[in-house]
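>>> What would the 3D arrangement of this be:
(one chain, ligands or ions: 1)
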Amino acid sequence: MKICVIQGPNLNMLGVRETNIYGPMKLEDIHNQMKVVAEQNNFEIEFFQSNLEGEIVDKIQECLGDSDGIIINPAAYTHTSIAIRDALRAVQLPAVEVHISNIASREDFRKTSMISDVCAGTIAGFGPFSYHLAMISMIQILNEISQMKAQQANNG
Ligand code: DQA
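Below you'll find the predicted structure:
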């Protein structure tokens with residue numbers, strides 16, 4: 001099974017950008033850690049980062065038929081993008097929303113997420129460790145789905 005990790009604008013600047021909020025870790029290092037967890041659990045994993053809303057929409061659409069679940073940090077688009085929300089609804093894949101910072105405790109405009117209610121759940125505020133928690137959650141969701149499918153196949 002395959003997990004697609006989608007990263008929004010400015011996350012390519014982790015380690016340089018507002019390190020007081022986002023910490024010193026680079027995106028590549030976060031991805032390397034996620035890769036280890038994926039391999040330990042026999043999951044394939046793909047990483048994608050874009051600063052462009054339309055490219056993120058395209059990537060979500062491409063996940064249909066290619067990935068089993070999506071881990072997504074839409075970054076600033078979290079708070080604005082109906083297009084990303086609609087794309088997640090369109091593909092109907094299990095998705096986990098992730099944020100490095102606790103968006104609920106920051107500026108008011110960050111308190112609204114356009115995607116929370118179309119995701120299985122949201123993990124925010126644990127720094128780069130949020131991604132690890134998102135991985136564990138996604139693996140759990142996908143394992144439950146494949147167990148359900150196996151049971152249905154046995155019963156039917
Ligand atoms: C973020 C929070 C967003 O509000 C912000 O625009 C980001 C990163 C986070 O991971 O904490 O770019 O998604």
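>>> State the mean pLDDT of stretch 48-59.
Per-residue pLDDT over stretch 48-59 has a mean of 98.
>>> meant to ask about stretch 107-122
The model assigns stretch 107-122 a mean pLDDT of 98.
>>> mind listing what's buried in that stretch?
Buried residues in stretch 107-122, defined by neighbour count with 16 or more other CB atoms under 10 Å: 110, 113-115, 118-119, 122. In short, each C-beta sits where N, CA and C put it, glycine included.
>>> just stretch 131-143 next, same as before
Residues of stretch 131-143 classed as buried under the neighbour-count rule (16+ other CB under 10 Å) are 131-132, 134-135, 137-139, 141-142.
>>> Can you tell me which of the buried residues of stretch 107-122 is closest to Ala75?
For these, the minimum distance to Ala75 (CB to CB) is 10.5 Å, reached by Arg110.
>>> Kindly present the buried residues of stretch 131-143 as CSV, with separate columns for pLDDT.
Formatted as CSV, the buried residues of stretch 131-143 follow (pLDDT from 0 to 100):
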residue, pLDDT
Tyr131, 98
His132, 98
Ala134, 98
Met135, 98
Ser137, 98
Met138, 98
Ile139, 98
Ile141, 98
Leu142, 98
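>>> How far does the helix ranked longest in the chain sit from its chain's centre?
Longest helix of the chain, by residue count under DSSP state H: helix 129-155. Computed by CA atoms, centre = their mean, to the nearest Å, the chain-centroid distance of helix 129-155 equals 15 Å.
>>> Show me what it is packed up against.
Here helix 129-155 touches strand 2-7, helix 27-40, strand 69-73, strand 95-99, strand 121-124, going by 3 or more CB pairs under 8 Å, 6 or more residues apart in numbering; DSSP states H and E.
>>> Name the stretch from these that approaches Met13 most closely.
Set against Met13 and scored by CB to CB, these come closest in helix 27-40, at 8.2 Å.
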